[in-house]
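[1] here is my input, please return the structure:
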Amino acid sequence: MKSLAIWVIVLASLLATGKYALARHEDGASVRTAQRRVEGVFGAMKSGTGAGADLQTAICLWAENKIFIADRDALGRYSDQFDNWREAKKLYRAFDSFEIKSVERLDPEKPEPVVVTVTVDGGTPLEILVETGASLRWGK
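    Coordinates of the predicted model:
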């Protein structure tokens, strides 16, 4: 009976540790995914300010975290929304550089949204809220 109790305690400990490790892995994945998404959007914006493939890639990453969106109607809507999004922070222009300053969860208890802080050409830090299944949006 005593050995059964010990095995139950060991098993419970292993399950709790595994659940904690899995949660930390998922949280880390959401932070890494958010950073890569913002880097992709700003890298594509920096490369292409016109109507080329780089700008289309930026729009697709911004909207759905995809490299390509085949639905032309959706892409057209996203293009207009993306233009409004970048105009809100005066990014409807060419720029030379951007830097990711920080990447962190908005609420430490939840994996999303993730706040990515970026500067463009060494300017004022901009906060971007990143969530799976949603377009990027500006933070405060």
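[2] hey, let's count contacts and neighbours off CA atoms from now on
    Noted.
[3] which strand or helix spans the most centrally placed residue in the chain?
    By CA atoms, centre = their mean, the mean C-alpha position of the chain lies nearest to Ala34, the distance being 2.2 Å. Using DSSP states H and E, Ala34 falls within helix 2-47.
[4] for Glu104, name its beta-bridge partners.
    Beta-bridge partners recorded for Glu104 (DSSP bridges): Val115.
[5] per-residue confidence at it?
    Glu104 carries a pLDDT value of 95.
[6] give me the neighbour count for it.
    For Glu104, the count of nearby residues is 21 (other CA atoms under 10 Å).
[7] and if you look at Ala134?
    12.
[8] would you agree it is in contact with Ala63?
    Yes: assessed by CA atoms under 8 Å, Ala134 is found in contact with Ala63 at 6.6 Å.
[9] thinking again about what came up before, what sits against the residue nearest to the centre of the chain?
    Taking CA atoms under 8 Å, 6 or more residues apart in numbering, we find Ala34 in contact with Val103, Val114, Val116, Val130, Glu131.
[10] do the same with Asp121
    Phe95, Asp96, Ser97, Phe98.
[11] out of the residues you listed, which comes closest to Glu109?
    Phe98 (29.2 Å; CA to CA).
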